[in-house]
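Enquirer: Let's see this in three dimensions:
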Amino acid sequence: MKILFVYYLPSGGMETLNRQRCLALQKKGITCHLLYFKNGAGNHNIKNIPTFITNDDHQIQQIIKKENYTLVVVSSDYLFLKKLRDFGYKGKIIYEVQGLGEEKYVNQILQSIKSHITPYANGLLYPNTSHLKKYFQQHYPTLKQYYFHNCIDTNTFCYRSLTRQPSPIIGWVGRLEKNKNWEGFLTICHQLMKNNPSIKIWMFHDPTLATPEETDRYNKMVNDLQLKNNLTTYSNISHDQMANYYSMIGDSKGFLCSTSITEGFGYAVLEAMACRCPVLSTDSDGVRSFIIHNKTGKYFKNTTDAVNQAKQIINDAKLREMIRTNAQKHIQIYFHPSQYAQNFLKLIKE
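Expert: The predicted structure is shown next:
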């Protein structure tokens, strides 16, 4: 059995998901290939998975004909479904969504792309996230739907005991775009630094995915809030190395701050928790599968609340250690690759 996973480029959570699930399915004897339409920052993470990077229709058609895939999973790019059928592919097609940005736009988006999906797809795949489930079931009642947790291999991506940093570190992972709400994050950091000027800020983002206008606004805000001396920006860090950074943030008495308006899943939150890094997050829907308030992480409602919750993480050692331990166990139990592979095998058989 052979499966092809298709996405725009290897970057962010989709790159992580594709790599993690391919390795999980390979252990079940399934051959997995990846197709990306252009190169991306996460390409160097991919090992031992046959990967094609091309947007040439003729090349893609030749790949489809040669490899004779049992199943093709197309993430996000709904226009590619018709192309696949035009290429002569007669096997099963699953259309996948891991997130569509702010919830207020999801209903409209899924309604507007329906004519590009229903005639060509055999089913739908998305995380077990309430807003995605609600709108997919509303607009696609005739298509078979599959929704289950994504996975992470906590045997390889896990806590590492490294040199302890002298000051609390606040981490942030994402893209410089509205839904990720980087402005909210910088505002929280600014407020926290009023009480503790030694706090360090680590931001992980891919500058190639940000518009020039967004980058200019970001740089201006960093300067206006006088964050520059405390801020370190990282880009193109290998996935394996991210476990080191999450571990160091957790050991510094700091935390990962997730400020997203809406998340379909939220891989950065999952990864941080696997590495014993506390998470302070908005209730962005997708993270509800991971975060139980004051047990496996913390939620905040606004900037003032975020500052108060952050101070608890930094200053209350007992609470912090309880959250770190509970979060790590939660991820190990409920997001294991073998569970994902089992769910995916059911999808294939149906």
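Enquirer: contacts and neighbour counts: CA atoms only from here.
Expert: OK.
Enquirer: for the record, mean pLDDT for stretch 235-250?
Expert: For stretch 235-250, the mean per-residue pLDDT is 96.
Enquirer: likewise stretch 200-216?
Expert: 94.
Enquirer: Endpoints of it, how far apart?
Expert: The first and final residues of stretch 200-216 sit 22 Å from each other (CA to CA, to the nearest Å).
Enquirer: Just give me how far the biggest helix by length in the chain sits from the chain centre.
Expert: In the chain, assigned by DSSP state H, the helix with the most residues is helix 317-334. Centroid separation for helix 317-334 versus its chain: 20 Å, with CA atoms, centre = their mean, to the nearest Å.
Enquirer: which element follows that helix toward the C-terminus?
Expert: Using DSSP states H and E, the next helix or strand after helix 317-334 towards the C-terminus is helix 337-349.
Enquirer: element containing the residue lying farthest from the centre of the chain?
Expert: Here the chain reaches farthest from its C-alpha mean at Gly88, the gap being 32.3 Å by CA atoms, centre = their mean. If you go by DSSP H and E, Gly88 is not part of any helix or strand.
Enquirer: mind listing what it touches?
Expert: With contact taken as CA atoms under 8 Å, 6 or more residues apart in numbering, Gly88 is in contact with Lys65.
Enquirer: Return the distance of it relative to Leu71.
Expert: To Leu71, Gly88 is 14 Å away according to CA to CA.
Enquirer: Next: Pro168.
Expert: For Pro168, the distance to Leu71 - CA to CA - is 47 Å.
Enquirer: Gln137 now?
Expert: Taking CA to CA as the measure, Gln137 falls 22 Å from Leu71.
Enquirer: can you give me the strands in this structure?
Expert: Here the chain has its strands, by DSSP state E, at 2-7, 31-36, 51-53, 71-75, 92-96, 123-126, 144-147, 169-173, 200-204, 231-234, 255-258, 279-281, 298-299.
Enquirer: how deep is His44 tucked in, by neighbour count?
Expert: Residues near His44, counting by other CA atoms under 10 Å, number 12.
Enquirer: actually Asn195, not the one I wrote
Expert: Asn195 has 10 neighbours, counted by other CA under 10 Å.
Enquirer: And for Gln342?
Expert: 13.
Enquirer: and what of Lys349?
Expert: Residues near Lys349, counting by other CA under 10 Å, number 6.
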